[in-house]
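>>> I would like to see how this sequence folds:
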Amino acid sequence: MEASLIRDVRALPDADGAAHAATRIFAEASAEAVSLRNRFSVALSGGSTPHRLFHLLGSSHRGKLDWGHVQIFWADERCVPPDHEQSNFSVTHEALISRIDIPAENIHRIRGELRPEEAAAKYERDLRAYFGVTGIPRFDLILLGVGEDGHTASLFPGETAVSEMKRLAAQAFSSREGNWRVTLTLPVLNNAALVVFLVTGKEKARIIKTVLTEGKRNLYPAGLVRPHHGRVIWILDKDAASGLKETEQ
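Purely as a prediction, here's the structure:
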């Protein structure tokens, strides 16, 4: 049964509980990476669900993490200026970055104000410069969500960015929202040490059930995220997990 491939699915009572669980994992991964390599590289996602996580990191956990050694990237970004209300950077800055003591050089945003292809090319150059690799960089943690259509980051079903296997970052068009974005590609997502999917809401129950238990994972970008030498943790609230017959607590 394909569900056996999913080793770690955690269903929490509500969205707040899911955010707290993700915060603990973030803190633990950060402490381990800093201890081993003196730095913690994380790629964040946008949307309303991780906003709770960002708030917790910027409040109750503000003094608990070694922010001077945390390097913040993004899994994707809309092609809008950094102060735009739909900018993932803007949301993260308001909820987290503005509340913590982190060096400006530790913030690696996607230049959404550029043309999509330029922004993607620049982000790839930035990734290679930071990680110092000609191959695929390895993030300590990548935080992802899942859309009702099964997309993750800005990898949308049927779009060319999903099949990109050489580039680290690619431009992607959201037909649903009618805007351009820049996204990390599957090779980068699948080279992470840890991927955490944080998903909440009853409207996500159908796609979560499909991606995790119905043997149709290859039809959806979210189902294609399977780190070759890393772990995946799915953190769901009760509503998002309501379609699953069984979960690992």
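
>>> list the contacts for the spatially closest residue to H228 that is not a sequence neighbour?
Closest residue in space to H228, ignoring its immediate chain neighbours: N190 at 5.7 Å, by Cβ to Cβ, 6 or more residues apart in numbering. In this view, the C-beta of every residue, glycine as well, is placed from N, C-alpha and C. With contacts defined as Cβ atoms under 8 Å, 6 or more residues apart in numbering, N190 is in contact with 224-228, 230.

>>> Please indicate which of these has the highest neighbour count?
V225 (22 neighbours; other Cβ atoms under 10 Å).

>>> Least confident of the contacts of N190?
Ranked by pLDDT, these bottom out at H228, which has 90.

>>> Was I right to think it contacts L189?
No - using Cβ atoms under 8 Å, H228 and L189 do not qualify as a contacting pair, with a distance of 10.5 Å.

>>> for the chain, which spans come out with low pLDDT?
1-7, 214-215, 245-249 (pLDDT under 70).

>>> let's see 50
1-5, 247-249 (pLDDT under 50).

>>> And the strands in it?
Counting by DSSP state E, the chain has strands at residues 9-12, 40-44, 70-74, 76-78, 141-144, 169-174, 179-184, 194-199, 231-237.

>>> Tell me which of those lies nearest to T92.
For these, distance to T92 was read as Cβ to Cβ. The smallest value, 5.8 Å, belongs to strand 40-44.

>>> And the contacts of that closest one?
So strand 40-44 is in contact with 26, 29-30, 33-34, 50, 54, 66, 69-75, 88, 92, 130-131, 137, 139-143, 184, 192, going by Cβ under 8 Å, 6+ apart.

>>> repeat that with 6 Å
With Cβ atoms under 6 Å, 6 or more residues apart in numbering as the test, strand 40-44 has contacts from 30, 33-34, 70-71, 73-75, 92, 139-143.

>>> For the residues you listed, which entry has the maximal number of neighbours?
Busiest of the contacts of strand 40-44 [other Cβ under 10 Å] is I142, holding 30 neighbours.

>>> okay but it is in contact with V195, surely?
Yes - contact criterion Cβ atoms under 6 Å: I142 and V195 qualify, at 5.0 Å.

>>> circling back: and the contacts of strand 40-44 as a markdown table, adding distance to K202?
Below are the contacts of strand 40-44 laid out as a markdown table (distance: Cβ to Cβ, whole Å):
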| residue | distance to K202 |
| --- | --- |
| S30 | 31 |
| A33 | 34 |
| V34 | 37 |
| V70 | 33 |
| Q71 | 35 |
| F73 | 31 |
| W74 | 27 |
| A75 | 24 |
| T92 | 26 |
| F139 | 30 |
| D140 | 32 |
| L141 | 27 |
| I142 | 25 |
| L143 | 22 |
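
>>> of all these, which comes closest to A172?
Distances from A172 to the contacts of strand 40-44, taken by Cβ to Cβ, are shortest for A75, at 11.6 Å.

>>> so what's that closest one up against?
A75 neighbours (Cβ under 6 Å, 6+ apart): 43, 45, 142, 153, 184.

>>> so what's the first one bridging to?
Read that as A43. Note on A43: beta-bridge partners by DSSP bridges are F73, I142.

>>> what's the burial count for it?
A43, neighbours per other Cβ under 10 Å, totals 25.

>>> Looking at the contacts of A75, which two lie furthest apart in space?
S45 and L184 (9.9 Å).

>>> Quick check on these two: which one has the bigger neighbour count.
L184 (33 against 24).
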